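J.: next come a sequence and a model predicted from it.
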Amino acid sequence: MDPVILDFGMGSAQPLSKSVRLNGFATCLRLEEIYWEVLSDISQCNHCSINALLSYIDREIHLRHGGVKNFSGLIRVVCVMHLMKGGRSARGVLPEQMWVG
């Protein structure tokens, strides 16, 4: 399989910084556009906002693992896991199911 898809748009790979609130604290999260799109899909699957989803992930990681040094890297992994589990077809899958292990 050709790793460079013919209809690939470089816009999806461009980093985009967004201000978010994680459990009441304002911060800036810089992710490639494609990850923001996947986060939007995950939040729609769970009937919540992207901020609520990110806050949930942040809180659970702190409670279960004592935090993470690279939150944006963690979010990229969450997005890939979502896609590997079926992405848009995985409606109603709660984010906590990613962390139960």
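T.: Good, I have the coordinates.

J.: tell me which stretches of this structure form helices.
T.: For the chain, applying DSSP state H gives helices covering 33-45, 50-65, 71-84.

J.: pLDDT weak spots in the protein?
T.: Regions of the chain meeting the criterion pLDDT under 70 cover residues 1-7, 88-101.

J.: returning to what we had before: which stretch among the helices of the chain comes nearest Asn23?
T.: For these, the distance to Asn23 is smallest for helix 50-65, at 4.9 Å, taking Cβ to Cβ. Quick note: C-beta positions are derived from backbone N, CA and C, even for glycine.

J.: other SSEs contacting that closest one?
T.: Where contact means 3 or more Cβ pairs under 8 Å, 6 or more residues apart in numbering; DSSP states H and E, helix 50-65 is packed against strand 15-22, helix 33-45, helix 71-84.

J.: highest average neighbour count across those?
T.: Per-stretch averages of neighbours, counted by mean count of other Cβ atoms under 10 Å, single out helix 33-45 among the helices and strands packed on helix 50-65, with a mean of 18.

J.: tell me how far that helix is from the chain's mean position?
T.: Centroid separation for helix 33-45 versus its chain: 6 Å, with Cα atoms, centre = their mean, to the nearest Å.
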